[in-house]
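Student: Just the structure for this:
(chains A and B)
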Amino acid sequence: MNLFVQQVVTGLSIGGIYALLAVGYALIYSIFKFTNFAFGAILMCAAYGAYFVTHTLKMTSLVSGLLGAVVIGVIVSLATELLAYRSLRRLKASRLFLMISAMGVNIFVQNLMTIMMSANLRSLDIKMPFNVIRFGKIRIGSLDIFSLVISLIVLGVLWIFIEKTKHGIAIRASAHDTDTAGLMGINVNKISFIVFAISGLTAAISGTFMGMKYAVYPTLGAISSKAFISSVIGGLGSLPGAVLGGFILGVLETMISGYISSSFRDLFSFSVMIAVLVFLPNGILGSGINDKL
Amino acid sequence: MSRFLEVESLNVYYGGIHALQDVSLYIDEGEIVSVIGANGAGKSTLLRTIAGDKEIKSGNITFRGERLPKTSYETVSMGISLVPEGRRIFPNLTVYENLIVSTYTRAHSKKSIDEDLDEVLALFPRLKERLKQSGGTLSGGEQQMLAVGRALMAHPKLLCMDEPSLGLAPIIIDELFEKIKQLNEERDQTILIVEQNAFLALEIASRAYILKTGSVTREGLGAELLGDPSIQHEYLGVHDDTSYEDED
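Tutor: Predicted structure coming up:
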């Protein structure tokens, strides 16, 4: 029983990170209907941002690490939008080309970082205010607590932004139909700027926590496949679906790691994704999108 | 002096087809102008081009003496709003959000936006009861009212309507055209209507243009065109006996 509760708590904390990632990913998908494969590169660059601030600048608090990551994450995310996607959209290119361009960005950035930073694993030394909290026999690490709480706060703020502000309304209108949104006076390029900034922010926060849990290295971004899986489980393009999918995936993965073996974890995650695609193609909360690029 | 809206020898291609060929027309402030024509005559392309959504090959569109910007959202801030064909309301937004969405770039104060909202809701009281409902749950007629309201929320100087009667029951169409007339008479709203339903469009219009395979073939006062036998024959389904047999 204790093991079960322990796994659920750890799973929720991983799930929070996945949920954040999935929201950043789903936000872009919902508007431009393409999979931003550069998302992993953004996450990885942001984690290096956290490393730079905590290691080189020696500001080792969690806040400074997150801030460094967010600055880099947002800059890289906006740069990919401006350099790799906007001109393609202006040409009204098929979203398939956007996706290929995104893959190119991913490979380019990954290799650039390998050359610049080497492929070494770097650990993020961030000072936490405490190490573990005990509830009876259950021990929760401070990283798990902070990642869950911060993920939930960011998700909550995002939810308010998207549901309650005029920018949020414009984002949702664009998500349904960018052409009509334009005809109603919405500058879709401005919306894309906001959306890519948000996406960079979520990638940065989850990238920092991933870096803390494991290490920072040039292929850290591979973890963003979990955002895709979460999104598929919850329903592609649906933001609540992305959050739900993220938490489900996080808990399921930790259960597998805890009760079977952690080497089965990724195998299991992708099997779940395939099963969902076969038996529940729209995910749990998705609306009918026919092809998934 | 320049016209309110002036379209001069406009050429537009749409998917390789020469959709508009040397189209010229004008609208004066306070008018209702209709453009009628068969399916595929280029009516929607004309409206979309005015709304900044289509690329102009050659020719000019000026609005109150200024050339129109190249994008649709800038055109909206200049004062031209479109009620698109098929309404295109946002089903994932509430009725209130659908109305407020077109104020996104409006520089006006919250107060003047609220005044416009009150005015739109006074014009379409049924929307008021449904403000919190999602746009997708409305009936076709209500969606059309919402689409008109949404365009009005951008506070347009020129309101463009693309096939407003499409897919609506006759009784709803009458109600809608009554509202359009009311808008023009009470708010002095300048309106450009593109319609397949020629009778409705000519009846409401001060002036009208007839578009045939991408060119303007006739123009005149609405009432004058409505009474013209050749137009009655071609667009209004009025046939005398001989021509009836000819068509068979």
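
Student: Strands of chain B, residue ranges please.
Tutor: Assigned by DSSP state E, chain B shows strands spanning B:5-14, B:17-27, B:32-36, B:58-63, B:66-67, B:80-83, B:158-162, B:190-195, B:207-212, B:215-221.

Student: In contact with residue 13, which residues?
Tutor: I'll assume chain A. Applying C-beta atoms under 8 Å, 6 or more residues apart in numbering or on different chains to residue A:13 gives the contacts A:143-145, A:147-148, A:250. Heads up, the C-betas are built off the backbone N, CA and C, glycines and all.

Student: try chain B instead
Tutor: B:19, B:55, B:57.

Student: out of these, who has the most neighbours?
Tutor: Using other C-beta atoms under 10 Å in any protein chain shown as the neighbour criterion, residue B:19 leads the contacts of residue B:13 with 24 neighbours.

Student: Which other helices and strands does the helix or strand that contains residue A:133 contact?
Tutor: Using DSSP states H and E, residue A:133 falls within strand A:132-135. Secondary-structure packing of strand A:132-135 (3 or more C-beta pairs under 8 Å, 6 or more residues apart in numbering or on different chains; DSSP states H and E): strand A:138-141, helix A:142-164.

Student: Averaged pLDDT, that strand. What do you get?
Tutor: Strand A:132-135 carries an average pLDDT of 84.

Student: Can you give the contact residues for it?
Tutor: In this structure, residues lying in contact with strand A:132-135 by C-beta under 8 Å, 6+ apart are A:139-142, A:145.

Student: As TSV, those residues with distance to chain B would be great.
Tutor: Formatted as TSV, these follow (distance: C-beta to the nearest C-beta, whole Å):
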residue	distance to chain B
A:139	43
A:140	38
A:141	39
A:142	39
A:145	35
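
Student: Give me the buried subset of those.
Tutor: Among the contacts of strand A:132-135, those scoring as buried are A:140-141, A:145 (criterion: 16 or more other C-beta atoms under 10 Å in any protein chain shown).

Student: Any idea which residue is closest to the centre of chain B?
Tutor: The centre of chain B sits closest to residue B:161, judged by C-alpha atoms, centre = their mean, with a distance of 1.6 Å.

Student: Buried residues in the lengthiest helix in chain A, which are they?
Tutor: If you go by DSSP state H, chain A has its longest helix at helix A:2-32. For helix A:2-32, burial by neighbour count (16+ other C-beta under 10 Å) applies to A:6-32.

Student: before we move on, what about stretch B:69-89?
Tutor: B:72-78, B:80-85, B:87-89.

Student: Quick check: of the residues you listed, which lies closest to chain A?
Tutor: When the buried residues of stretch B:69-89 are compared for distance to chain A (C-beta to the nearest C-beta), residue B:76 wins out at 3.4 Å.

Student: Now that closest one: closest residue in space, sequence neighbours ignored.
Tutor: Spatial nearest neighbour of residue B:76, excluding adjacent residues (C-beta to C-beta, 6 or more residues apart in numbering or on different chains): residue A:185 at 3.4 Å.

Student: Doesn't that neighbour lie inside a helix?
Tutor: No: under DSSP: H, G, I helix; E, B strand; the rest coil, residue A:185 sits outside any helix and is assigned coil.

Student: where in the chain is pLDDT low?
Tutor: The chain I'm using is chain A. A:287-293 (pLDDT under 70).

Student: ah, no, chain B please
Tutor: Using pLDDT under 70, chain B drops low at B:1, B:239-248.

Student: Can you check which helix is longest in it?
Tutor: Assignment by DSSP H gives helix B:170-187 as the longest helix of chain B.

Student: Between strand B:158-162 and that one, find me the angle.
Tutor: If you take axes from the mean of the first three to the mean of the last three C-alpha atoms, to 10 degrees, helix B:170-187 sits at 170 degrees to strand B:158-162.

Student: which of the residues in helix B:170-187 are buried?
Tutor: Across helix B:170-187, burial judged by 16+ other C-beta under 10 Å covers B:172-173, B:175-177, B:179-180, B:183-184.

Student: now do stretch A:115-130
Tutor: A:117, A:122, A:124, A:126.

Student: ditto for stretch B:206-217
Tutor: B:206-211, B:214-216.

Student: what about it, how long is it end to end?
Tutor: Taking C-alpha to C-alpha, to the nearest Å, the first and last residues of stretch B:206-217 lie 18 Å apart.

Student: how many neighbours does the nearest residue to residue B:197 once chain neighbours are set aside have?
Tutor: Nearest residue to residue B:197 in three dimensions, chain neighbours excluded: residue B:165, at 4.7 Å (C-beta to C-beta, 6+ apart). When neighbours are defined as other C-beta under 10 Å, residue B:165 has 20 of them.
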